[in-house]
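1. sequence plus the predicted model coming up.
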Amino acid sequence: MKLVSASASPFVRKVRVLLHETGQIDDVELVGVATSPLATAQDARDANPLGKIPALIREDGRSLFDSRVICRYLDARANGGLYPEDRLWDVLTLEAMADGIMDAAVLITYEGRLRAPERQDPAWLDAQWAKIVSALDVLEADWMTDLNGPRDMGHFALGCALGYLDFRHDARSWRTGHPALAEWFEKISACKSMQSTAPGD
Ligand code: GSF
């Protein structure tokens, strides 16, 4: 299989963490691309008409996307147990919250990278960051029991999301007001799968 990917992508990192956690890292060849909404890489377009990464090209040549579909496919392929049936809907909701944090953070990154300073909209940036803070507040208040329980894919997705905030939006200091989450993040960041997939340019 081939994974159309980029080392800075938090969504790609989710897939790579799962590959490490389920012993499948050697089954997938990484195809690195540089892509953006204004300059879509051909490999990304060929694998996903939306031009987004990650996209997984299976042995039969068919593509899978997006990261949630890819993660569930690969977890099922290895019977990895990262989407436990007894709490599946909570796991998927946590992964959706993590993906939403990533979506908002990536939009902030693009606004800063793809728009001239005079065309950037501070209200838009603040609105995206407000979504992230709202999610962090709820995680801090309501999800710490779950997060301190058995590891699942929701946990690793959140780890990738928080790691992306450190990587691209460190100055926003997400840990302020979220001490329990910050302590939890230090623990999941020590996992070998997280260490092996730390973001880079
Ligand atoms: C989001 C992927 C995405 O936005 C998923 O895989 O879960 N719902 C999708 N990927 C970004 C790269 S990133 O993670 O920084 C992407 O492909 N951007 C290029 C574009 O054209 O939007």
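-> Arrived safely, thanks for sending.

2. list the buried residues of the helix ranked longest in the chain.
-> Ranked by residue count, the top helix of the chain under DSSP state H comes out as helix 88-114. By 16 or more other Cβ atoms under 10 Å, the buried positions in helix 88-114 come out as 91-92, 94-95, 97-99, 101-109, 111. Every residue, glycine included, has its C-beta placed from N, CA and C.

3. could you report the pLDDT at the nearest residue to residue 188 once chain neighbours are set aside?
-> In this structure, residue 188 finds its nearest non-sequential neighbour in residue 159, 4.2 Å apart by Cβ to Cβ, 6 or more residues apart in numbering. The model reports residue 159 with a pLDDT of 98.

4. would you mind identifying the next helix or strand past the host helix or strand of residue 159?
-> Residue 159 belongs to helix 153-168 when assigned by DSSP states H and E. Of the helices and strands lying after helix 153-168 in sequence (DSSP H and E), the nearest is helix 179-189.

5. which residues touch that next one?
-> The list of residues contacting helix 179-189 from outside it, by Cβ atoms under 8 Å, 6 or more residues apart in numbering, reads 136, 139-140, 144, 147-148, 151, 155-156, 158-159, 162-163, 175, 194-195.

6. quick one: stretch 83-103 to chain centroid distance?
-> Distance, stretch centre to chain centre, for stretch 83-103: 11 Å (Cα atoms, centre = their mean, to the nearest Å).

7. avg pLDDT for it?
-> The pLDDT scores in stretch 83-103 average 98.

8. contacting residues for residue 24?
-> By Cβ under 8 Å, 6+ apart, the residues touching residue 24 are 18, 74, 77, 78.

9. thinking again about what came up before, quick one: the longest helix of the chain to helix 153-168, angle?
-> Between helix 88-114 and helix 153-168, the angle comes out at 20 degrees (axes from the mean of the first three to the mean of the last three Cα atoms, to 10 degrees).

10. so which residues on the chain come close to the ligand?
-> 9-11, 35-37, 40, 51-54, 66-68, 99, 106 (Cβ under 6 Å from any ligand atom).

11. swap in 8 Å and give it another go.
-> Contact residues (Cβ under 8 Å from any ligand atom) of the chain with the ligand: 6, 8-12, 14, 35-37, 40, 44, 50-54, 65-68, 70, 99, 102-103, 106, 109-110, 164.
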